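Colleague: The following block contains a protein sequence and its predicted model.
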Amino acid sequence: MMRFDRDCFGDALLAISSISIWVYAVDGAPLESTASWASPSQYLNRGTMSATEGLFPSIDRIEVDPAAIKGYTRESQFVGLAFNLLREAASYVCVAACTLGSEPTWNRDQAAVGGNMVRLYKLLSAFLDQTMQDRRETGDIISRLAYETIVNVRYMVAHFSPTLIDSYIRHSLRHERRLQDTIETNVADRGGEILPIEHRMLKSLDRAAKVAGVTLDTVDLKDKGPWGGKNLRQKAQEVGLDDAYFAVFGGMSHGVHGAWQDIYQSHLKTDGDGTFTPKLEWDQPRPQTQFLLALISLDAVHDFFGFIGGDAALDQVRDPLEDLRARVNIADEAHESYLVGKTWPEV
């Protein structure tokens, strides 16, 4: 029997269900709906125990009607549909992130994978929040972070071993090792006097190392390679996400680093004559990123359930995940058909 951290997904599903669902009237005018998914209180019996065995929680299914989609006249209608589908996908991520497997807790190596699923849930929640506020620029930045997290989860699951997870953790702790070395050098230069702030920092670094199960002195600062011996693009290729690399990671990196392409596209106005004025208005979200995030998030959910719960876990989610994937593809293909014949600035 699978164990869930019921307090975990109870609170998280309540939080994500508070994000409004957008529906559209017959004439296409957007209306904010009070509809939401079933409250977790309907299937959770909250108590003092953090781990519980039970049935997979119920997640409402977003309907995708091809006939209704054909009547869409504005891209904002596709944005609303994509938003709801991603929100449904994020709920599966939420439950996956709170699935403990056959034991009431994760060990360190499992926690490296499970913690990334928790991170993915939070990133998707943040992305949905920014989309709801019509802030495409910050949403794109978050989508880049979500993509990297998905790659990390799937690569860890595909090649899971104590050695791989140890590489991941040690790579992460290089900053802490440098910080420790800097403090110890400053203390030595001061003749052994430790300032109160340095004492607190060293204690914090020691706690971090103990939780990680390593000693900071064993973290090799001369090792400049990526964890696992492969960079992100190579990891993405191994788990079949190399096509998405350019769309979500490569392109969205402009926004992360404030590159010219991001400045030109989102923060400046120009007629192409070499003159510019500031653009403080936010760009409107588009549905493509939401469709793609939903699809690749479902891959991570599938892999994680198989990793943490085996066939018993997959049996509970395989059909609903495939059903949601099919609906996302239908909506995505309909949007592509809608774009045929349109040119900039319509698209």
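Modeller: Arrived safely.
Colleague: where does residue 220 land in three-state SS?
Modeller: Classification of residue 220 by DSSP: H, G, I helix; E, B strand; the rest coil places it in coil.
Colleague: what residues are up against the closest residue to it other than its chain neighbours?
Modeller: Nearest residue to residue 220 in three dimensions, chain neighbours excluded: residue 170, at 7.5 Å (CB to CB, 6 or more residues apart in numbering). Every C-beta, even on glycine, is put in place using the N, C-alpha and C of the backbone. With contact taken as CB atoms under 8 Å, 6 or more residues apart in numbering, residue 170 is in contact with 214, 218-220, 227.
Colleague: Could I have the buried ones of those as ChimeraX selection syntax?
Modeller: Entered in ChimeraX, the line below selects the buried ones among the contacts of residue 170, by 16 or more other CB atoms under 10 Å:
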select :214,219,227
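Colleague: What count of nearby residues applies to the residue nearest to residue 126 when sequence neighbours are not counted?
Modeller: With CB to CB, 6+ apart as the criterion, residue 126 has its nearest non-adjacent residue at 5.2 Å, and that residue is residue 142. A count of neighbours around residue 142, defined by other CB atoms under 10 Å, yields 25.
Colleague: close enough to count as contact, residue 142 and residue 127?
Modeller: Yes - at 4.5 Å, residue 142 counts as touching residue 127 under the criterion of CB atoms under 8 Å.
Colleague: who touches both of the two?
Modeller: With CB under 8 Å, 6+ apart, residue 142 and residue 127 have no common neighbours.
Colleague: residue contacts, the closest residue to residue 238 other than its chain neighbours?
Modeller: The spatial neighbour of residue 238 that comes closest, neighbours along the chain excluded (CB to CB, 6+ apart), is residue 155 at 6.4 Å. Listed by CB under 8 Å, 6+ apart, the contact set of residue 155 reads 228, 230, 235, 238-239.
Colleague: Which helix or strand contains residue 155?
Modeller: helix 136-158 (DSSP states H and E).
Colleague: Which SSE is immediately downstream of that helix?
Modeller: Following helix 136-158 in sequence order, the next helix or strand is helix 162-172 (DSSP H and E).
Colleague: Now do the helices in the protein.
Modeller: Under the criterion DSSP state H, helices of the chain are mapped to 6-17, 66-70, 75-97, 108-132, 136-158, 162-172, 174-189, 196-212, 232-238, 242-244, 253-257, 260-262, 287-339.
Colleague: which one of the ones you listed is the most hemmed in?
Modeller: The highest mean neighbour count among the helices of the chain, using mean count of other CB atoms under 10 Å, belongs to helix 75-97: a mean of 25.
Colleague: and that one, what's its mean pLDDT?
Modeller: Mean pLDDT, helix 75-97: 95.
Colleague: do stretch 229-236 as well
Modeller: Per-residue pLDDT over stretch 229-236 has a mean of 93.
Colleague: residue ranges with poor pLDDT in this structure?
Modeller: Scanning the chain for pLDDT under 70 picks out 1-2, 4, 6-55, 247-249, 345-347.
Colleague: circling back to that earlier point, what separation do you get for the residue nearest to residue 126 and residue 195?
Modeller: 37 Å (CB to CB, to the nearest Å).
Colleague: List the residues that contact the nearest residue in space to residue 165 that is not next to it in sequence.
Modeller: Residue nearest to residue 165 in three dimensions, not counting chain neighbours: residue 109, with 4.3 Å by CB to CB, 6+ apart. Going by CB under 8 Å, 6+ apart, residue 109 touches 160, 162, 165.
Colleague: What does the first one show for phi and psi?
Modeller: This means residue 160. With angles defined as degrees, to the nearest 10, residue 160 sits at phi -60, psi 130.
Colleague: going forward can the numbers begin at 47, since that is how I track them
Modeller: Sure thing, new numbering starts at 47, so read that last one as residue 206.
Colleague: what's near enough to touch it?
Modeller: Residue 206 sits next to 155, 159, 353 when contact means CB under 8 Å, 6+ apart.
Colleague: quick one: which of those residues is nearest residue 376?
Modeller: residue 353 (28.7 Å; CB to CB).
Colleague: who's in contact with the closest residue to residue 190 other than its chain neighbours?
Modeller: Of all residues not flanking residue 190 in the chain, residue 298 sits nearest, at 3.6 Å (CB to CB, 6+ apart). Shown in contact with residue 298 (CB under 8 Å, 6+ apart): 186-187, 189-190, 193.
Colleague: can we see that at 7 Å?
Modeller: Counting by CB atoms under 7 Å, 6 or more residues apart in numbering, residue 298 touches 186-187, 189-190.
Colleague: how much space is there between the nearest residue to residue 147 once chain neighbours are set aside and residue 148?
Modeller: Excluding its sequence neighbours, the residue lying closest to residue 147 (CB to CB, 6+ apart) is residue 354, at 4.2 Å. Distance, residue 354 to residue 148, using CB to CB: 9 Å.
Colleague: next one: residue 184
Modeller: Distance, residue 184 to residue 148, by CB to CB: 39 Å.
Colleague: could you dump the contacts of residue 155 to TSV with distance to residue 168?
Modeller: Formatted as TSV, the contacts of residue 155 follow (distance: CB to CB, whole Å):
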residue	distance to residue 168
206	23
208	26
211	21
